[in-house]
Structures are given as C-alpha cells and as structure tokens.
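Got a predicted structure plus its sequence, pasted below:
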Amino acid sequence: MISFVASVARESVTGLRLLRRQVRSDTRLRRAGFYASLGLTLLVSLFPFYVMFATSITTDDAIYVNNPSLLPREVTLSQYAVLFSSETFAFTTYFVNSAIVATVTATFSLFVGVIGAYSFTRLSYPGNTLIRRGVVVVYMLSAITVVVPLFQLIARLGLVDTRLSLFITYTVSTLPLTLYMLWNYFESLPVAIEEAAMLDGYSRVETIFRVVVPLSLPVLVATFLFAFKIAWNEYIFASVFLKSQAKLTLPIGIEQMNADFSNVWGQIMAASFLTTLPIVVMFLYLEKYMVEGLTAGAVEG
Amino acid sequence: MQEQDRDTRSSADGTERPHRDDRTPTDGVVGEAGGETVELSSLSKRFGDEEAVDGVSLSISEGELLVLLGPSGCGKTTTLRMIAGLESVSGGSVAIGGVDVSEHPPQDRDVAMVFQNYALYPHKTVRENIRFPLRKTDLSKAEQRERIESTAALLDIADLLDKEPAALSGGQRQRVAIGRAIGREPSVLLMDEPLSNLDAKLRVRTRSELRSLQQRLGITTVYVTHDQEEAMSIADRIAIMNDGRVEQVGTPEEVYEDPTSAFIAGFLGDPSMNLLPTSVGPSRDGDTGGTERGDELAAGLAAAVPDDAARVGVRPEDLFLVDGSGSVVGDGPANVSDVYDCDVHVVEPIGRAYELTLSTAAGPVVLRARTVPDELRGRDRVGVVYDRDSLYAFDADGGRLRRGGNGW
Amino acid sequence: MVELVLDAVTKRYDDAQGTELAVDEVSVTVEDELLVLLGPSGCGKTTTLRMIAGLETVTEGRISIEGRDVTDLHPSERSLAMVFQDYGLYTTMSVRKNMAYGLKHSTDLSKAERDERVQEMAEMFGIEALLDRDVTDLSGGQKQRVALGRAMVREPDVFLLDEPLASLDAKLRSEMRTELQQLQNDLDITTVYVTHDQKEAMTMADRVAVMNDGVLRQLGPPEAVYENPVDRFVADFLGNPAMNQLPATVDRRGDEYVLRADVGDGRIAFASVPRDDFDVRDGDHVTVGVRPEHLRLDDASADFEAAVTVSEYQGNDNFVHMSVGERDLTAVVPPSVRPAAGDTVAVSVPPNHIHVFDGETGASVRTSSESRPAPESET
C-alpha cells in the first residue's frame, strides 16, 4: 500500500510540476482563488467569536438597537465589571467549579488511559480485541442517548448534585478518546526500548512510568488538553446531574443567566468569552507539543 | 567460579534465584566482569501450531562467545529472547550459572542485551542511558559515576556523555548501546544482530573491536546474526540453526571445514560452496554423445565421489586456475585433479580476490582466485583443477557422506 | 547504440538555510554499458539518477539521450525505465497488470501485442508462474523481479536502477546481482545503477563513477579505480576491509624514498618505494596507503613488527587486525596463516603496492599509473 501511494505520489508530483510549468500564466489567478477560499473559511469559523467578543465590550445601549454595527462605537468593560460584582450571577464560583471538574477529570482520564492503552498494545489477554472495539463503539455514541440511563444510575448511587457524578461521567465519556489517542501512540513506540528497560532491571510497571510515559509526553499533553476541553465545555450531563448553585459549571451558569434574566446579552457574551479564553490560551501555549504528539501518534515508526 | 557457587546455593525456602545484589562487584572498575555459564536444555517455543524453536540444547561456558547463526525465521532470535526472558518458554529450560531461570522475569536474570536497533532511551543523555541500569544495582552515586566514566572510556565515547541519542551517528549509538549493556557487568551479554544497521565497512571495523572487548571482559556472550562472515569472524563457537533446530555446533574452523550437512556447507562461506547434482553430463556408462565423461568439470567432480552421493560439494577456493604453461596458479593443493577446460561466464573482481563463474553441465560453478594472471584475462575458456582432498559428498537428504580411511 | 550524456549537470537546492550544492557539474557519457554511481549516502548519486529520470529538475547543465536534449522533458518522454529500491509496484494490481500498466499508457500497442510482451518479459525473469498473483503475496526477490520486468517490458533506451538490491538479504542479493549482470550483458542496454555497496559496484560495473559531496571524484573500470585511486576518499571507499592509511614522512635514500610512518610513539620505516614513481620531496608529510591483501605476514624480509589484536577466520581468508604503536593495521592473508591474538608478527609491505597521498589535499601523488597497469575488466 505504502509503495503504491508513494509511486502515485511520485507521479502526481512530477505531473504537478509539469502542470505548473505549462500553466505559469494563470498562476496568479490560482493563487487569488486559493486565498479567497482560505479567507472565506476563516471568516465563517471566526466570525461568531468576533461577534461574541465585540458584544462583550459594547454598552447595553449599543447592543439593543435596530441596526447593530459590527464595530463597537464605544468600548466598555462594564459588562465584565457587572459579571464579577453581580450578587445573583456567581461567575467566579462557576469558573472554579469548571476548573476543578475539568482538571480532575482530565488527570484521572489520562491516568486510566495510560494504563489501559498500554495493556491494549503490549499485553495479550483474552478479550483485548473485544474491549478495544467496544471503546471505539462507545466513542461513537452521543451523550444524549445515554443521559437517561446514566441519570438513573447516578440517582441510585445517591450521587445526584455531587461533583463526583461529573468526575465519573466525564472520565467515562473522555476515556474512549484518551485510550484511542494513547494506544495509537504506544503502538508507534518501539517495543525494544521497553524490553531494554526490563533487561536493565526494571519491572513492567516501572518501565511504563520511567520509559513509556516520558517518551509519550507530547501525546500525553495533547490527550490531557482534549479531555480537559470536553469536560470544560460539557453541558448535558451537568445540566441533568447538578442542582445547587454552588456546584454549577460555567456552561450551565451561562445558560441559567439567559433563562433567569432578560436583556443580559452583554454579560452572557462576556462570560462566554472568559469561558473560551483558558482553553484557547492552553491550546496556543501547548500547541507545539500537541502537533508533535498527534503526528507522532499517527505516523508509524 | 566463585560467583557461580554463590549463585547456585539454595535459599531457605528452597527456591533458587540469582540475586543481582549477591554479585555486584564493588570495585566499580569495568574489566573484571567475568561471566556465567548458560545451559539450554531441549528448549522449545511454539507459536500456535508453529514450532519456532524445537528442542535446542546448548552449553555455553564462562566467557565464551557463542554465535547463533541461521537464515531468517530459523528460530535464532526467539532462542535469544527466551534466554533474555522476553519470550516465555514452551518446553525445556534455560539455566544461567546453574540456576534454572526459565520462569524468572527478565529483570531477575542478570542478563543484558544489545538490540538490533539499539533501543536507546531517546529522552535521556548518553550518560543517563548508561546510568539507567546502574540505578538498579546497589552501587552508590559515586560508584555509578565512576562506572559510567570507565565504561565510556573503554568504548571511546567519553566526549559523547552529555549528548542525546538523536545527535549521534549509527556507530556511536551502537557503542552507547554496548556501554549500557556492559556497564552493570551482567552475567551474560546477549546481542541481537548488533551490527546489521551499520554500513559494510563500519561493520567489519566494529566487529573486531567488539571481539577484543568481549575477550578483555571475559563476559559470556550469545550473539545472533544471519551473516556468516560476521559469525566466523567473531565466534568461539557457532551454533547453526535451521527450522528451529541446531544443525551443528563447533568452532568456525570445524563448521567450515567439516560441515555435517549440505545446508551448513552451503550456508557458510562467501562465495558459498558449489553444490552440484551428481546426475549430470554423460551417464556413467558414457553412452550419450558429446563430451566424454571426465572432460567436463561437473561430470568429473560427480565421478570423484561415491555412487550413493546425490550431490558433490567443492568450495570456490578449492578450484584453481591453470596458466598457459599448464601449471596451477597460486599455492596449489598437494593432490591436484586433471585439468578441465571450462567456459568463463563472468569474472568479478572483488578487490582482494576474483570470483569467476564457470558454466558447467550442472549449472554455474564459482571459482575464487587471489590473482588472475594477465595471460588468462579476457579468455572465454580457462583450464581448471580442483583439490582432490577437499571434496564433499552429500546424500539425497543433504546428509554428509564421509571419506573412509583411504578414500571414499 | 544508445548514448546518454550528462554535461556539467548541477543541482542546487535553495531554502531558508541557504544554498546547498547537491550535485556539482557532473559530466559523464554512458554508452551501451553499465555505469555504477557509487558513494556514501548524501553524495549526490541518487539526485543525479533522479535528474536523468526527470524526477528532479536540473539547475544547470544538459542531459541528452541519443543526441536528443531531454533536460526539460517529462519523465515519460525520455524513453527510460527506472527500478526503485522499494520496488514501486502498484500493490492493488496483479503482476500481469503491473507489467502491462506502463505499456498501456506509454505505447499504442494492441492488447494482444501487450500481452505477448508481458509474457515474453515474464519468461525472461522467470516469473511467468506469478503473473496472476497479487503483488502483496510475493517475496522480496519476486517483487524485485516483477519491478525489473515492468521496467524492461517497455523496451526503454536507458535503464535506471536505484539501489535495487538494498532491500534483499545477502544470499538473494548475490543471486540477483548475477542475474542482473547477465541481463545487462544480454540486452546490452545503457544502464545507470546507483548503489552505496562497493562490492556490488566492483562486480557489476563496466565503469564506476565514485561520488562524494556532489562531486564526481573518479571514473573508470572498477579494477582501475581499485588499483589506482586518485585520492584518499576513493582509496578508503573502495575495498573491504578498507585500505590501511597512515601519516608518514618522506625520507630520501639514494634512488628510493623511505616512507617513515608515524605510529604515535615514534616512527617506523614502513616501506621503501622507487623515487621515480611518486611526485614527492624529501621531508614531505604524506599519507601512505596499502591494501590489507597486500600486507604479508609470512615473509622473511619483514619491514616491521606488529601485535595481533584480533584474528578473524573467514574460511577462505583470515582478517588479521594488528596494532603498531598507536596505529591499527589490517591484513588479509590466506587461511593457512593463522596468528592468534597477542602474537607478534613480522609484517612486510611490497613496494609495488604502495599508495602515497598528499598530506594536505589527500590526492594521489603517483606520477603515472603505467608502473602498475590497470587491467581491463572485460572477459
């Protein structure tokens, strides 16, 4: 397969080169077309974020006009000020709750993921393949289909309105992704390195944490981030399992704000912006590890 | 010997285990590693229905370098991995220093291994790579440091200690892999095709260094390779494997000069032995036309071995060219055959010698000559003789037919 | 009669780091012969081959086949075929389809004619039994035969091979080597063959072009290059075990030069050579070279003594590694000469096999190659 792809690639590259030579005249047109489509894609994907940010720094007066402008005429931080001083809307509490839930979930998911994915790739035991396939199938299910049975389970365990309910459900729902990313990466790690460690006097468990984990750092960072992001943004389970104000996470909090008050779009947008910010900052900061980790996991050897 | 005695003693609960703690030398000086014996008894490995290793029994003595040689898929690597404990044993046993370690995990066997792809820890510096196994010994920090320095000095990698594997050349990585393996002075050193990732020239250079290092350390070594030249160069003894079994064990000279089967005869040597069917050319009655029996090299060779031989073998270096004056070129043998005229198919200069491919009734025959006299260059036909004392005969199953006291 | 001409072919890569000269004005004419491009990895040999194939653009210089300038032509218009190291077969097709594929697209032969060609070529490579098998089911050697068959079936003017034997094991490699040689002899097709394996080059080439750092260092029949390397690089690259090379000082003694080798803890009179053969002066610093097979350990007229470090039995040869002072020497001797490690041996160096290289440039300073004529490698 690889050699076929390679030969096709080889031929198409020469073809392209030749094509380029022949069509040098309309290169400029092609380039213009390329940038146009790139610009359109960017516009579509970034525009909502722009509106969110622009609205959050606009005064209430300017938001509720008949023909809102795309550029705020008057920049204000009043929406943010209200957000943090409000007695009724506990933004800081929600933020802390989300941070706790996401961090605990991502950490736990990563830990279980490392052990599980390692066992998938390195140990042969009955049911290995079955469990692997199961993981992929579970990954395909959407949250809404399992929310009712899960709620019954959580209720029976007496965990309704506890953070533990979120730890459990989030860990379970992020695990398929974590396992999948990690086992793909582990499969690309040469077994000989682990064997070398065992011959150097280390047990298998020591080998996992002293050799495999350090070698997998990029993909571990990426996996942690994805799990963190899923838990941070999760809405359905949180809305069903949580009741008390003190435990709500950001997505629920923002939704409540919309339900409980009217005409607070400026604050909603400010809250949304602050919700998005940590994820964006984390992704930007750790991007270099992630890209490295993802490709390293995807490419054999 | 003394260490072996300590290791074979039984502990109070009756289990026997070689304990690394018992035998870690305290002086921190590489060069006195010594080794243990390795005993394989009817060692077998099955993968499903396939018998990958089938009853291998070998005794390897202290300080010996034994090469497991064979084509790919012959079971040599599986055997090595069973000694290491990386592969479970389906039957038979592995004993190191007299202690049965068949059920012990790799980390409790006190063996070290050099892998084909080196398997260095890519996230650690050379120094940390060598230190990694030392952490599991009871050497103090200072002793570890000392050991790392002495190992690095021994392998000439002292200036690489702070580099990461990615920054090293293939040859340097290989040295680091060896350093990591011998640093903690294991009882047994295992090597799995350690030179196969080096280019031809570096391979030749490195293997002699490896050999002299092994002899200096006196460490028991099991070395796996598919390269017969490497095996012959480096081994005290070679065990040649085929289809999961050991076909012959002996010193390089023994297996080369006295192969027990056609497989061994054909596997060793570069160029390898010419193995020709005896059913060639004019029949033994001489009734089919053309060349008379004896005029043709293949037929002449076939006639020189007993009737029950299915194949006749002659090594390329036991065939000799005859120059214009009719005398044998080079240091001819004592017992020269008649002269046969042969068609020259290809002449290949390989630098230190020439390989001539001759066309015969039984197919191509290779002759190896140190020199080709100018008068023979460019000739289509040359005179060839063989050494009568260096013929080999094999029966239909590939078994060796031996020469009796006076002749076949 | 097909003539492939490379005229000062140059390849430069420009990137952010600056300009890299991958191939530097290589000129060579190949005509109905097998030319081997030989060199270490990164020497520019593969780039040169790919430029001939049209898979890389040529920065400067011209390439012509049969007097036709092909420098700017598409690969398919050059009338050449190429075999890749990884075979480059279409893994989704059968052997027959693989072989017919190129024919279908580059010729206007009828289906019957194409089938006939494929059949013919399959017989030639002994793969007629495999024609309807899937490529993925084949062994390495079979795949290589199919790749060769696919290349040859188009009856190209020029045949290009890029390390075609590198993925095969040693035994198969030597078999295929003989087969390829035979094929090239039979077809007499202009062939350019890239390898880093000097044994392959020595045995297969009509002429060998040794490259290093993008520069063509030496061009000639393999034996001539082996016997008279133009510089230290070529001397070291060809031959295994490699040529012994030691730093030495020239000492004039009457009609001879005595080459005193620096062995770390002193000097030894390594060899004496006739003055006329080498363009050096008294006191010059040079590198003296001698091939391992020319050192003798059983001669009464010893030049110096050496301590054996490792003795490697090879069956038909012994490789004896020795140390003299701090220098290492290797000798290849007949199996009857068997010194053991630790022995002291008397080494003699035949003067007619001495190479002398300039101490700075590394170029050979032999005045002529006449004194040791390079034999033609033809048979």
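Noted; the coordinates are in hand.

any idea which element residue B:182 lies in?
Taking DSSP states H and E as the definition, residue B:182 sits inside helix B:170-183.

That helix and chain A in contact?
Yes. Residues of helix B:170-183 contacting chain A under Cβ under 8 Å from any Cβ of the partner chain: residue B:180. Every residue, glycine included, has its C-beta placed from N, CA and C.

would residue A:33 count as being in a helix?
Yes. When classified by DSSP: H, G, I helix; E, B strand; the rest coil, residue A:33 is found to be part of a helix.

Residue A:39 versus that one, what's the distance?
To residue A:39, residue A:33 is 11 Å away according to Cβ to Cβ, to the nearest Å.

before we move on, back to that, relative orientation of whichever helix or strand comes after the helix holding residue B:182 and helix B:170-183 in degrees?
Downstream of helix B:170-183, the first helix or strand assigned by DSSP H and E is strand B:188-192. Interaxial angle of strand B:188-192 relative to helix B:170-183 (axes from the mean of the first three to the mean of the last three Cα atoms, to 10 degrees): 160 degrees.

Give me the residues contacting strand B:188-192.
Strand B:188-192 is contacted from outside by B:35-36, B:38, B:77, B:80-81, B:83-84, B:96, B:109-116, B:181-182, B:214, B:219-224, using Cβ atoms under 8 Å, 6 or more residues apart in numbering or on different chains.

So which of the residues you listed sit within strands?
Judged by DSSP state E, the subset of the contacts of strand B:188-192 located in strands is B:38, B:96, B:111, B:112, B:113, B:114, B:220, B:221, B:222, B:223, B:224.

List buried residues within these.
B:38, B:96, B:111, B:112, B:113, B:114, B:220, B:221, B:222, B:223, B:224 (16 or more other Cβ atoms under 10 Å in any protein chain shown).

ok, of these, which one's closest to residue B:146?
Nearest to residue B:146 out of those is residue B:112 (Cβ to Cβ; 18.7 Å).

Skip the chain neighbours and tell me the closest residue to residue C:226.
Once flanking residues are discounted, residue C:226 sits nearest to residue C:238: 5.2 Å by Cβ to Cβ, 6 or more residues apart in numbering or on different chains.

Kindly indicate whether residue C:342 is helix, strand or coil.
Once three-state DSSP is applied, residue C:342 turns out coil.

Show me which residues of chain B sit near chain A.
Counting by Cβ under 8 Å from any Cβ, the positions of chain B adjacent to chain A are B:20, B:84-86, B:105-107, B:109, B:111-113, B:115-117, B:119-123, B:132-133, B:135-137, B:180, B:184.

Report the distance from stretch B:129-146 to the chain centre.
How far stretch B:129-146 lies from its chain's middle: 33 Å, per Cα atoms, centre = their mean, to the nearest Å.

For it, list the C-alpha coordinates in PDB.
Presented in PDB, the C-alpha positions along stretch B:129-146 are these (Å, rounded to 0.1, in the frame of the first residue of the first chain):
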ATOM      1  CA  ASN B 129      21.300   5.800  29.300                       C
ATOM      2  CA  ILE B 130      24.300   4.100  30.800                       C
ATOM      3  CA  ARG B 131      23.300   5.100  34.300                       C
ATOM      4  CA  PHE B 132      19.700   3.700  33.900                       C
ATOM      5  CA  PRO B 133      20.600   0.100  34.600                       C
ATOM      6  CA  LEU B 134      23.100   1.000  37.300                       C
ATOM      7  CA  ARG B 135      20.300   2.600  39.400                       C
ATOM      8  CA  LYS B 136      19.000  -0.900  39.900                       C
ATOM      9  CA  THR B 137      22.300  -2.100  41.400                       C
ATOM     10  CA  ASP B 138      23.400  -1.200  44.900                       C
ATOM     11  CA  LEU B 139      26.200   1.000  43.600                       C
ATOM     12  CA  SER B 140      26.500   4.300  45.400                       C
ATOM     13  CA  LYS B 141      26.100   7.500  43.400                       C
ATOM     14  CA  ALA B 142      29.900   8.000  43.300                       C
ATOM     15  CA  GLU B 143      30.400   4.400  42.200                       C
ATOM     16  CA  GLN B 144      27.900   4.800  39.500                       C
ATOM     17  CA  ARG B 145      29.600   7.900  38.300                       C
ATOM     18  CA  GLU B 146      32.900   6.100  38.300                       C
END
